[in-house]
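[1] this one's sequence-less:
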């Protein structure tokens, strides 16, 4: 059973990890249940665009036990809490942040609406694609909501 912690503690851990990794990142932001402001969380999700991957990977063991490390995701344990780092590019940043913020129900709703239009919202963060396979949104979270004909939903309202 994953450890559950209160939001304020999770936010402090996320802030500390962000502070340590920020020098090696072009962008870094908390996602998941912390970004949605859930009162209790099981893990911390961060979306990052590294600017110095070599040093970034070297910093991870200093933060905690590295459970897995790859080109798309790295997972480590900071104390008893799992921290997942999702690696993005400039192009995938906004869509990956949207998907990794969730909630699962919100992602299912967005993907189902896209599918109903014959479109595809790519879970890898590459964007929202029309029936011809052309990327039609994904530069911002707002662009995805707009393309789907929905009002933008702040992370705290996503369940």
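    Looks like it came in fine. Here the structure is a predicted model, which means the values were calculated and not measured. Residues are numbered from 1 along each chain as shown.
[2] Flag every buried residue along the helix or strand where residue 26 lies.
    Under the criterion DSSP states H and E, the helix or strand holding residue 26 is strand 25-30. Within strand 25-30, the residues scored as buried using 16 or more other CB atoms under 10 Å are 25, 28, 29, 30. To be clear about C-beta, it is placed using only N, CA and C from the backbone, and glycine gets the same treatment.
[3] do you know how far the first one is from residue 61?
    In this view, residue 25 and residue 61 are 17 Å apart by CB to CB, to the nearest Å.
[4] Just give me the closest of the buried residues of strand 25-30 to residue 19.
    Minimum distance to residue 19 across the buried residues of strand 25-30 is 9.6 Å, recorded for residue 28 (CB to CB).
[5] That closest one contacts residue 20, doesn't it?
    No - checked against CB atoms under 8 Å, the pair residue 28 and residue 20 is beyond contact range at 10.1 Å.
[6] And the strands in the chain?
    Using DSSP state E, the strands of the chain run over 5-6, 25-30, 40-41, 43-50, 65-69, 73-78, 81-87, 120-122, 127-129, 135-137.
[7] re the thing from before, rounded mean pLDDT for the strand holding residue 26, please.
    Mean pLDDT, strand 25-30: 98.
[8] partners of that strand, with directions?
    If you go by DSSP bridges, strand 25-30 pairs up with strand 43-50 (antiparallel).
[9] Find the centremost residue of this structure, please.
    The centre of the chain sits closest to residue 100, judged by CA atoms, centre = their mean, with a distance of 3.3 Å.
[10] how does the protein divide up, domain by domain?
    5-87, 102-157 (automatic domain parsing).
[11] closest one to residue 93 among those?
    Going by CB to CB, the one of the domains of the chain nearest residue 93 is domain 5-87, 6.2 Å.
[12] List of residues touching stretch 49-67?
    The contact list for stretch 49-67 (CB atoms under 8 Å, 6 or more residues apart in numbering) reads 17, 20-21, 23-28, 48, 69, 74-79, 82-83, 85, 87-90, 93.
[13] That stretch spans what distance, first to last residue?
    Terminal residues of stretch 49-67 lie 20 Å apart, using CA to CA, to the nearest Å.
[14] can the buried residues of strand 25-30 go into JSON lines with extra columns for distance to residue 134?
    Shown next, in JSON lines, are the buried residues of strand 25-30 (distance: CB to CB, whole Å):
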{"residue": "25", "distance to residue 134": "30"}
{"residue": "28", "distance to residue 134": "30"}
{"residue": "29", "distance to residue 134": "27"}
{"residue": "30", "distance to residue 134": "31"}
